[in-house]
Every structure is written in C-alpha cells, then in structure tokens.
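**Student:** Structural data only, the sequence is not supplied:
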C-alpha cells in the first residue's frame, strides 16, 4: 500500500508493492484512477523530487519508498509552485486499521460522523431535515425561514471553494482536463483581446496558404467520385442527344415499357375451383356430330340458328387464343429499333443437343422453346443461329422433316452463312446431302468448310481429290485444302501438288518442308534455298537443311549450316530462344539426326547464360534431358561443357555416369581415358576405369590402369586398396598380401591393417591374423573394427574370457561404439545368461542415450527368454525416448498380436512415413492379409528408398518367390545386383562370413532369403 497526498490536501491510497512497481507504473496508475496526466505529475518523497526521467524504470523500493509510505503529488497551475513542507511524523497507531465499530472520541461523549473527504469529491446530496431529537426540540433551526437566500451550508461551501481555487463538484472535461474553468473568473482585458486577434490572423494566414491546394484536391476527389459513380442522366446523355435524329415512324415503333413497379400493382388473389359438369357436358355436345336437326331449329324452319346454340365454350379455341396472345407478347419483346431480338437463341445450339424427352413436362418445355424460337426467326429472319436452333429443336423433338424444312428456309434467308449450309447437310439424307452442299458451295464458293464437307461426302479418294481440286480453283491460298489433297495423292502427284502449293502459299513453312522431303537431294537444296528467301525468319528451314546434309552423309556441313543459320536469323532481328532450340535438338534426336542435335546444342546451349551460371545450368539441362530420355542431347551438353570446363571432376563424373547407364563400355573407356589426361589426380576416375575393365573380365587391363594411377598418384591409399580388391576377388591372395605389405610399409592407415587381417582370416592363418590385429591396435587404438575383429577371433577359437576382455578393452577406447556393446551383450548372454546381458545393455544405454539399436537389442533379449511383459515395457520406454525410430516401430508392429497390427502400423506410419523399416513392416502386413498388389507396391517403395540395405531386397525377393512370376523374380534379382547392397542385419552377418567372402550378390541374396525363412518358421513354432 502506498499513500499519495494530493494538492487539495487529500490522501489517496494505491494498492501497490514498492518492491515490484516502478515509478512509471505508479504514475500510470495515478493517471488511470484520478485523471491526472503523467506529464503534470510531480512526486516528492520528503523534500526530494522523484519524477525525473532517469528514474522512470527504477523500482520504488530503490528510490527509498517502503510499504505504507506517503508521497506528495504536486501539479503545476493547480497545486501552486511552492515546494512541499516537511510533513510531520505520523504516529504508529494512525497507520493501522481501526477495530470494528470504533468511533473516535466516544469515551468523551462524541458521536460518529462522515465528512465529504471520506466519500470523495462527489456531488453534494440534497439537504435532508434533521430527524434527531435535538433538532426536533430546538426552536428555529438554522437555515429555516431565510426565504430565497442561501443557506448557511451553501455559503460555507462557496467560501471553501473560493479558498481552494476550484470547485470540487464541477464536471471533469476530457479535452482540457483539470484546467477547465481555471481562468473562468479572470477578467477579459485588452491584452487578451489583442492576443486573440493575433492568433486569429495567424489562423487565417495559414488557411489561405493551404486554400488553393485543398480546393484543388477536393475538386479532384469530386471529379474522381463522379467518374466512378455517374448519375443516370449523365449515363444516357449521349443517347438522349441522338433522339432528334429519329423519324416519327421510328419514334412510334418504340415499344411501350409499361408499368412494372410493385407500387401500383394490387395483389390479386386467385381462386381455383373444379370445372362444373355442365361446362364439360356443353363442350362435349359442341364437339359432337349429329345428323338430325335440333327441335328448336325445326321450329324456326331449319334456316336460322338460335342464339343459345352459339359455341362460346370451346376449350380448344380458348387454348389457341392463349397461344396467340403468347406469340404477340414474344413479338413485342423484339427491339424494332436495332432490328435484333433481345432473346438469345445461341444457347439453344448447345443445349438442344443433349435434350431427351422423357416426360410431359419436357414436352411442355419443347413447346415453349418452339414458340420462343418461332418469335426469333420471325422478328429477325437474317439471324443464322436462330434457324439452326429451331431446326435442332425439331430434331430433338423427333420431327426430322420439320427440322429439314426449317433449315431449308434458313438457307434461303441466310445463303451466305456456311454454318446454316453445314447444318442443312447434316440434317439431310445421304442422297440429298450432296445436292445441299452443292448449292452451298455455289452460294459461298470461298468457304473452306463447305468444300471439306463436300469432300467428306464422297466415298472414294478419286472423287474426294476431284472435289478438293475444284475447291482449290476457287480458294488457291487455302493451306487446309492443299494439305487434304496432298494426303490423298501418291508420291509423284504429291510432289507436283506441293510445287503448286508453295507458289500459292509461299509463307507456309510446312508446305516447303514437305516438298523438300519429297524432292531429290539437289532439288531439295534448291527448294530450301527458295524457302529461306521467302521465310527469312524461320529456323525450321535451317534445321531441315542440316538434317538433309546429315541424311546424305555430309556431317561436316551440319555444324556450319546451323552456325550460319543462327547468324542469319540474328541479322534479320530474330531473338535466339535457347529453350526452343534445345527442344528442336531433342526433336532431331528422336528423328535420328544425331549430328544435327549435337550442332544445335553446340551453338545454342550457351545463349543467354551468365558466365558464373554456366556449369550449374548445363548440368541441370543435361539431367533434365536424361530424365526425358534424350540421351544424345544430354551427351552433347556434357561434351560442350567439358570443352569449357576441362578440369572439373564433377562434370567428368556426370558424363561417365551417363555413358555407364546408356553408352557402351568402349565409349565409357574412351571418356575416362580422356578425363584422366586432364585430371590425373582424380582417384575416382582411375578407379572407375579399372572397375569397368574388371567387370568386363579384362583383369590385366584393370591392373594396367591401376599401375598408371599409382604412377600418377604415388601415395593414394584408395588405389592400393583397389589393387588389393582386384587381386583378392580374382583369387590371388599372395599378390594381395604383397600389395598390403607394401602399403603397410609406406604408412598405411587403419583400413590397410584391417584388410590385411581379413586376408589372413580367409587363408586360415590365425597367428598372423592376431599379430596384425595387435600391431594395428597399437597404432590405431580408436579404430573399433580392429577390436571387433580381435574379439570375433577369440570367440572363434573358443576363448570366451579373452573375447570378453577384448570387448571391454575396446569399449574403454571406443565408449560410443554400438557394435562393440552389442557384441559384448551377446557374449554375456551366451556365457552368463540374461542378467549379465541386461546389465551390459543398461550400461550401454546410459552412455549412449536415444540409441534405437541398443533398445532393440534389449527388447529382443527379453523376448528370446520368454519375458514378453518386460519386452513390452522396454518397447514403450524405447518409443518414448526414440519416437521417430523406424526400427523400433517396425519391431513393435511385429510384437503386437495380429488384430492390433493394423492400428500399430497406422501409428508407425504417421510417425515415420518415409522410413524403409516401417514400410517393409507394412508390406509384410499386407502380404499376410493376401493383398498382393499392395504388398508389392510397398516393397518396391522400400527398396527404392534404401537400395543399400540387403534385408529389404531379401524380403522383396521372398515375396516374389511366393506370389510373383518368373519375370518379376528375375527383375528383382537384376535390380538387387545393380544396387550392390552392403548393409542390413541379416545381409551383413551372411555376406561377411568367411565361407561367403567371394560369393556374388545373387548368391548372398538367396542365402539371406533362406535364413529369413528359417527365422520366420522358428518364430511361428514358438508362438504355437
């Protein structure tokens, strides 16, 4: 609690803590509660001023303000400029809360009362008569009987307000704040008048300075608003001005608009009642044929018709009359001024095609449409779509003869419209169609559509050609007719026709190119030269010329023609579009013109490409072409890029990969030979060349390449190891040992020592293997594979204690090596049981947290010993620690019962939708449910995501062995061999066994499939 002493000697209480409240927060609280602006607040603690700018963010406790402290608030112009007086010390009991029902001075006979200061500056309550006993008994109470004068209380209050300088009861002004009425009592003298006049003159001056600008802006806004929101009179002003040109007949023909407003319309309540029997009987009698005279007629002599027999209730006549009224209304809808109907008949051209009459309601709609279209063709008979729509309506209604009659009238009314003639031809019978189209081409001899339709009506090519040639006599510049007649002619006639066609249509490039293809080599060159003169901006002519030279064996001229063509096109102002020319190159490749494709790429691939972007752009273009199957185009792009970037290893590798995938071994060898001449220090290029020779079965050539590589890069470990692998895989262990011995002498790395131990292990030299491993561990104690191989050696020899010591020593040097922890856990499980293995795995998880492989090993250990509940608990903890591990989710799917596997797989897929382990688990689930196609799709997806994991290939191959064909099984084998998988739990355990060291990928795959089958059968037997 903090107390504030206001300028009117009131004490304000704020519920704030000085330890957590800053001075700025205090001033804002005062402004919010008591309407005193922050800028006018001056807070003092004793004589010290607190309201300084640097104290705004300081806590009150740091400024010396404690709990229940009293601050003095000084406000300029209200509280005066006098500094506050040092307040007297308050007694301790005055700061405490008084007890309940406490009345001050009650012991000395005082009574309790409430002052205005206790309830705040509110309006004074109306004076109420004092009902106390003292007041009732007092004669002539004060203030009573004073007439209209002020009472005693009012005079005292007014005097108090005058002393304070303002009235407590006045209303707070939001604009002027507490200053409102501050100078209300002051006199308005000459100085005030002069100041007001000066300020008024300044306001007028400032207003005049901005007047022109403001008026211009206002005028512009008004014009803009009127332009976007014109009045009705302004919209039709130009039309009203033209009314003086109307004649009296045109003015009278303007239709009456009528009164369609709802204001003058009275609601008409219609009532419908059944037709009385008398009216129906009367109508029947009127339609009846009689042979005898009516008695009334005989009474009149038989020559007079009585008045009562006049037929006035003929319902058919009533219906016809209504139809007449409807037609008159439709006629009135036409606009007689412009001569066009306001009804749009074009919609019927498309809508009527799909109409099917299935009910009486649709028949009624057809009648309405017939009336509407009748009005259309009557009001505007020169409108062709109206006739076509009316004819189609009758066709839909099943009245084909009426449709033919209507379209015939349409041909008479609109003889120059080809659509009407085509519609008449369509509606006519086969015999009449030729006559109709003949009249059409006679009326419109320049209509290409009519001539094409006339040719379609003929049944043999001779007559079709005759009709088309007749059309060309009238329309010699029609490319469509020339194409049609050339397609029907034989090669010799087509050549003659095209010679005439290019004379009539010299600006159509396709005719020139077609003629060039039919001519001989010399004539084709002359044709293309003429075409180039007529069409100087057409690139296709130059490309065709290049293809012509390539087809005739002049490949040396292809590049020159393309280069000259690009220069000529630039001279005439044609911009070379790089993307379009590359598409032409791909089209040339598809046509078999490889040299033309290469020439186009060579001359246009660098157009519009910045120098710093050339490498990235060219590689991206080549990859896109490769995806689209344009191998020659991609090869040409790489060839051009290699002429610019001779020493860029990445481009050589991309080009080599392209040759490896789509080229021959010879072309790849030539490319790699050329690459190592420019980049002799690129190990990967040497190794790729040696591997290709080895795969081709040419081991001596591979050795020669590695010798050259070693001469170029003397201390390359990769080349040493490649030479070792070449000898080792070709069953030359002695040569491999010599190479590794030389590598060790020259300071080989840990990989050299590991390979040396592998060779000795395969040869069965246990002592030599141990010696190499011991020496290697002395040099490289942090290389975990050497510790692992030494421990496995001890296990093979049956020295389990030494193997355990080796693993433990290895873990001291490599505490984060997961394979060492797993090997030690398996050894402890074999020797000392599950409890020791459990302790090892627990320790491994503490040192390597969030490792799914360690969790999975612990779970499998519990499952192997039949502790399913503990395995489930461990799986739950593992998924909490590694929620995105695909290996754990896949294992959890296999652990749950069969009915819950689908739900578990859905949860796993939500977490790891791109993890191959989860995808294989889902595929196996589909496999068990006999959903073969879905399972195959998921297996393909898994091996696509992780082609290096051999276990997935094994599951996929096992699936195809059970559910696929021989072709699919062969395809899986080929894809697996091409992928060369190296990882996988089962794959590594089988492929790295000593007896399988030289086995091919296909044999390893089949062995892994057998192992997976045995494991699956064992699991099924255990469940049963």
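**Tutor:** Perfect, thanks for sending it. From a predicted model like this one, the values you see are computed outputs, not experimental measurements. Residues are numbered from 1 along each chain as shown.

**Student:** and the gap between the nearest residue to residue 598 once chain neighbours are set aside and residue 604?
**Tutor:** Nearest residue to residue 598 in three dimensions, chain neighbours excluded: residue 636, at 4.3 Å (CB to CB, 6 or more residues apart in numbering). Yep, even glycine has a C-beta here, placed from its N, CA and C like the rest. From residue 636 over to residue 604 the distance is 11 Å, taken as CB to CB, to the nearest Å.

**Student:** more crowded one of those two?
**Tutor:** The residue with more neighbours, out of residue 636 and residue 604, is residue 636; 25 against 21, by other CB atoms under 10 Å.

**Student:** and the strand or helix carrying the more buried one, how far from the chain's centre?
**Tutor:** Using DSSP states H and E, residue 636 maps to helix 631-644. Centroid separation for helix 631-644 versus its chain: 34 Å, with CA atoms, centre = their mean, to the nearest Å.

**Student:** helices and strands around that helix, which ones?
**Tutor:** helix 578-590, helix 594-604, helix 614-627, helix 649-662 (3 or more CB pairs under 8 Å, 6 or more residues apart in numbering; DSSP states H and E).

**Student:** before we move on, the earlier item: what do residue 636 and residue 604 both touch?
**Tutor:** residue 585 (CB atoms under 8 Å, 6 or more residues apart in numbering).

**Student:** contacting residues around stretch 9-21?
**Tutor:** For stretch 9-21, contacts defined as CB under 8 Å, 6+ apart pick out 1-6, 25-26, 29-30, 33-34, 59-61, 65-67, 69-70, 73, 117.

**Student:** Same question for stretch 708-720.
**Tutor:** With CB under 8 Å, 6+ apart, stretch 708-720 has contacts from 676, 680-681, 683, 686-687, 690, 706, 723, 739-740, 742-743, 746, 748-749, 751-752.

**Student:** on that earlier part again, could you save the helices and strands packed on helix 631-644 as a markdown table and add columns showing mean pLDDT and distance to residue 922?
**Tutor:** As requested, the helices and strands packed on helix 631-644 are arranged in a markdown table below (pLDDT from 0 to 100; distance: least, CB to CB, whole Å):
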| stretch | mean pLDDT | distance to residue 922 |
| --- | --- | --- |
| helix 578-590 | 87 | 40 |
| helix 594-604 | 88 | 45 |
| helix 614-627 | 89 | 29 |
| helix 649-662 | 86 | 31 |
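
**Student:** Tell me which of those lies nearest to residue 812.
**Tutor:** helix 649-662 (41.3 Å; CB to CB).

**Student:** Report the buried residues of the closest one.
**Tutor:** 649, 651, 652, 654, 655, 656, 658, 659, 660 (16 or more other CB atoms under 10 Å).

**Student:** In contact with the fifth one, which residues?
**Tutor:** Taking CB under 8 Å, 6+ apart, we find residue 655 in contact with 635, 638, 639, 642, 671, 675.

**Student:** Now, of the residues you listed, which are buried?
**Tutor:** 635, 638, 642, 671, 675.

**Student:** In contact with the first one, which residues?
**Tutor:** For residue 635, the contacting residues are 655, 658, 659, 663, taking CB under 8 Å, 6+ apart as the criterion.

**Student:** From residue 980, how far out is the last one?
**Tutor:** Spelled out, that is residue 663. Residue 663 sits at a distance of 20 Å from residue 980 (criterion: CB to CB).

**Student:** Of these two, give the one with the bigger neighbour count.
**Tutor:** Taking neighbours as other CB under 10 Å, residue 663 and residue 980 compare with residue 663 leading, 18 against 10.

**Student:** Now do that one, the pLDDT please.
**Tutor:** Residue 663 carries a pLDDT score of 81 in this model.

**Student:** cool, residue 699 as well?
**Tutor:** Looking at residue 699, the pLDDT reads 78.

**Student:** what's around it, how many residues?
**Tutor:** Other residues lying near residue 699 total 16 when counted by other CB under 10 Å.

**Student:** Looks like it contacts residue 725 (just checking).
**Tutor:** No: applying CB atoms under 8 Å as the test, residue 699 and residue 725 come out as separate, 11.9 Å apart.

**Student:** measure residue 621 to residue 641 for me?
**Tutor:** As for residue 621, its distance to residue 641 is 9 Å (criterion: CB to CB).

**Student:** next one: residue 979
**Tutor:** In terms of CB to CB, residue 979 sits 29 Å off from residue 641.

**Student:** ok, now residue 771?
**Tutor:** 52 Å.

**Student:** quick one, which of the two is more surrounded?
**Tutor:** Using other CB under 10 Å, the more surrounded residue of residue 771 and residue 641 is residue 641, with 24 against 14.

**Student:** ok now do the more buried one, which residues does it touch?
**Tutor:** Taking CB under 8 Å, 6+ apart, we find residue 641 in contact with 614, 615, 618, 619, 622, 648, 651.

**Student:** doesn't residue 875 make contact with residue 859?
**Tutor:** Yes: using CB under 8 Å, residue 859 makes contact with residue 875 at a distance of 5.5 Å.

**Student:** Mutual contacts of those two, please.
**Tutor:** The contact sets of residue 859 and residue 875 overlap at 891, 895 (CB under 8 Å, 6+ apart).

**Student:** got the buried residues for the helix or strand encompassing residue 13?
**Tutor:** Using DSSP H and E, residue 13 sits within strand 11-14. Using 16+ other CB under 10 Å as the test for burial, strand 11-14 gives residue 12.
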